[in-house]
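Asks: Pasting the sequence and the predicted coordinates here, then a few questions.
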Amino acid sequence: MVDIKNKQLQEAVTTLGKNVTRSADAIRSAAVGIHQEAQDTARVAEQISGLGVDPASVAETRDLAKLMDGVSEASAAYAAAADTTTRAATAAVDQARASHDGIHEAVGRSPVDVSGLNRQWVTPE
């Protein structure tokens, strides 16, 4: 088992949360771009239909627009899930701070000398 300190864990989870947020923002931006491209593709399908292009090509272009919209929606849902992950990570850090920082502060204020305390005694089982 890896020996990790509370502060290290808090920093790691906070960094992870920031990275996930940054990635979700990039995904959300890509989803908007894909949606705009899908709208353009749908317009192209209507334009080529009016020009008398064969119905199979028009149908394929319309299908492509629908697929692109599906990708856009899936990307937006993925970004929303990333937001949920970020909130969960932030809540975990906040809970760890509330739980453990108070312990560290109390030990720091305590007049009892714990420098000779056997750490094994306070290690959770």
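Replies: Looks like it arrived, so ask away. Numbers count the residues shown, from 1 in each chain.

Asks: Any idea how many residues pack against residue 89?
Replies: Neighbours of residue 89 under the rule other C-beta atoms under 10 Å: 20. From N, CA and C alone the C-beta is placed, and that goes for glycine too.

Asks: cool, and residue 83?
Replies: 15.

Asks: Am I right that it is in contact with residue 24?
Replies: Yes. If you go by C-beta atoms under 8 Å, residue 83 and residue 24 touch, sitting 5.7 Å apart.

Asks: could you give the mean pLDDT of the helix or strand hosting residue 73?
Replies: In this assignment (DSSP states H and E), residue 73 forms part of helix 55-96. Average pLDDT, helix 55-96: 91.

Asks: other SSEs contacting it?
Replies: Here helix 55-96 touches helix 6-50, going by 3 or more C-beta pairs under 8 Å, 6 or more residues apart in numbering; DSSP states H and E.

Asks: Run the angle between the helix it packs on and helix 55-96 for me.
Replies: 160 degrees (axes from the mean of the first three to the mean of the last three C-alpha atoms, to 10 degrees).
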